[in-house]
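Q: Need the 3D shape of this:
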Amino acid sequence: MRNFEWDNKTEVIFGCGTVAEAGRLVRRFGGSRVLLVYGGGSVIRSGLLDRVAASLEAEGISAVRFGGVQPNPRLQKAREGVQLGLSEQVDFILPVGGGSVIDTAKAIAHGIANPDVDIWEYWKKTETVAKTTKLGVILTIPAAGSETSNSAVLTNEETGAKWGLSTVWNRPLFAIMDPDAAATLPAYQVGCGVADIMMHTLDRYFNAVFDNELTDELAEALLRVVIRHGPAAVKNPADSHAMSEVMWAGSLSHNGLTGLGGTVDFAVHQFGHELSARYDVAHGASLAAVWGTWARYVLEGNEHRFARYAKNVWGLQGADEAALAMAGIGATEEFFRSIGMPTSIGDLGKTVTEADLMHMAEGCSRGHTRTVGRMRVLDHDDMLEIYRRAL
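A: Just a heads-up that it's a prediction; the model follows:
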């Protein structure tokens, strides 16, 4: 094992019906006035938001509602939440939703605790988070893993930049993970979540450290479980068994566990961020659209790793490592297609020009100032070529 540090402070409350625990948990963690953060109308139509509010009220906790969070969470929306939270003097943030809602809530929490700093400064890395507002989470969409992770993503609408921020202050105090809360999700959204969960693990698994045995086997087991149960959850989100397996895998895929002791790559996430920021496509779909192209691009010299993946995750066999590696990449793409995910940028249904590809490569490389990737270090020219091949 390589050296690592891992500190996951989030208390997990898992299982069907656990949404009813919201009020008790907020009270235990010292909340008295809550900002409820949520997205569109689904949590209202399903009655989930009212159940959460009733649980808070039963504990004598008041709540202010802040809805309208969109996928690919927007900086301006988070800023609005900061101002509302400050004016209402809330002391606890409780998002009810998926990754976009949770990431927005994390940004709001930082902004309320640090009213003299514009929150985008944290994502630009010109300021460092040193304190935040208390935050719990009610997960409704298994995908981003933000419910137990130290990361959060924001999109700056003015510049088109979609950037991530990793800090221990992003970890929620608790995460309620109730599979029944995901029962009414559209199939496409579940498919995007399954892809995102797999990519959080794959971007850690495909790295430059090849003898990290326990971490690698944990990652392989998680991938096998998602491959086994993901299609059932897509077909019927109300299948509580399948959804519970996917939901727990989603959390474990992004809390650091499947990358401990490795050197996480996350190049594909960087490619996907530019895609989703430019075309406002679902995050999981943006990742599935470029993964196969990235994998083939970095395959040379890493055939053994991809062959191991083909054997241990997909159960494929063969003596020729290069052929086996290609078969594993193909099996992954076929799985993505089986759950309704794209496997090329063209599959996203957007009009993409050469100028668009160049713009994304420019953004991904931050104007030729950074590289991405660990399995193979990729510069601006590599990024542009991968975008071209993925089209």
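Q: quick one, domains of this protein?
A: In the assignment given by automatic domain parsing, the structural domains of the chain cover 11-182, 187-390.
Q: Reformat the ones you listed as JSON lines; add mean pLDDT, distance to Arg2 and mean neighbour count.
A: All C-beta spots, glycine's among them, are computed from the backbone N, C-alpha and C. Converted to JSON lines, the domains of the chain look like this (pLDDT from 0 to 100; distance: least, CB to CB, whole Å; neighbours: other CB atoms under 10 Å):
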{"stretch": "domain 11-182", "mean pLDDT": "96", "distance to Arg2": "18", "mean neighbour count": "20"}
{"stretch": "domain 187-390", "mean pLDDT": "96", "distance to Arg2": "4", "mean neighbour count": "20"}
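Q: For the ones you listed, give me a markdown table that also has distance to Asn3.
A: A markdown table is the format used below for the domains of the chain (distance: least, CB to CB, whole Å):
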| stretch | distance to Asn3 |
| --- | --- |
| domain 11-182 | 18 |
| domain 187-390 | 7 |
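Q: Any idea which of these gets closest to Phe4?
A: Taking CB to CB, domain 187-390 is the member of those nearest to Phe4, at 4.7 Å.
Q: how distant is the closest one from the center of its chain?
A: 12 Å (CA atoms, centre = their mean, to the nearest Å).
Q: who wins for proximity to Glu5 among the domains of the chain?
A: Among the domains of the chain, the nearest to Glu5 by CB to CB is domain 187-390 (9.1 Å).
Q: Quick one: end-to-end distance for that closest one.
A: 24 Å (CA to CA, to the nearest Å).
Q: ditto for stretch 147-158
A: End to end - CA to CA - stretch 147-158 spans 27 Å.
Q: same thing with stretch 179-193?
A: End-to-end distance of stretch 179-193 (CA to CA): 13 Å.
Q: Show residues contacting it.
A: Contact with stretch 179-193 is made by 15-17, 19, 42, 45-46, 48, 98, 138-144, 230, 233-235, 237-238, 240, 243-244, 246-247, 250, 282-285, 339-341, as judged by CB atoms under 8 Å, 6 or more residues apart in numbering.
Q: Among the residues you listed, which are located in helices?
A: Cross-referencing the contacts of stretch 179-193 against helices under DSSP state H gives 42, 45, 48, 230, 233-235, 240, 243-244, 246-247, 250, 283-285.
Q: Centre-most residue in the chain?
A: Note on the chain: the residue nearest the mean C-alpha position is Ala144, at 2.4 Å, using CA atoms, centre = their mean.
Q: Which residues are in contact with it?
A: Contacts of Ala144 by CB under 8 Å, 6+ apart are Gly98, Gly99, Ser100, Ile102, Asp103, Gly193, Asp196, Gly250, His254, His283.
Q: Would you mind giving the residues you listed as JSON lines with distance to Pro115 added?
A: Formatted as JSON lines, those follow (distance: CB to CB, whole Å):
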{"residue": "Gly98", "distance to Pro115": "27"}
{"residue": "Gly99", "distance to Pro115": "25"}
{"residue": "Ser100", "distance to Pro115": "23"}
{"residue": "Ile102", "distance to Pro115": "21"}
{"residue": "Asp103", "distance to Pro115": "20"}
{"residue": "Gly193", "distance to Pro115": "34"}
{"residue": "Asp196", "distance to Pro115": "32"}
{"residue": "Gly250", "distance to Pro115": "33"}
{"residue": "His254", "distance to Pro115": "29"}
{"residue": "His283", "distance to Pro115": "29"}
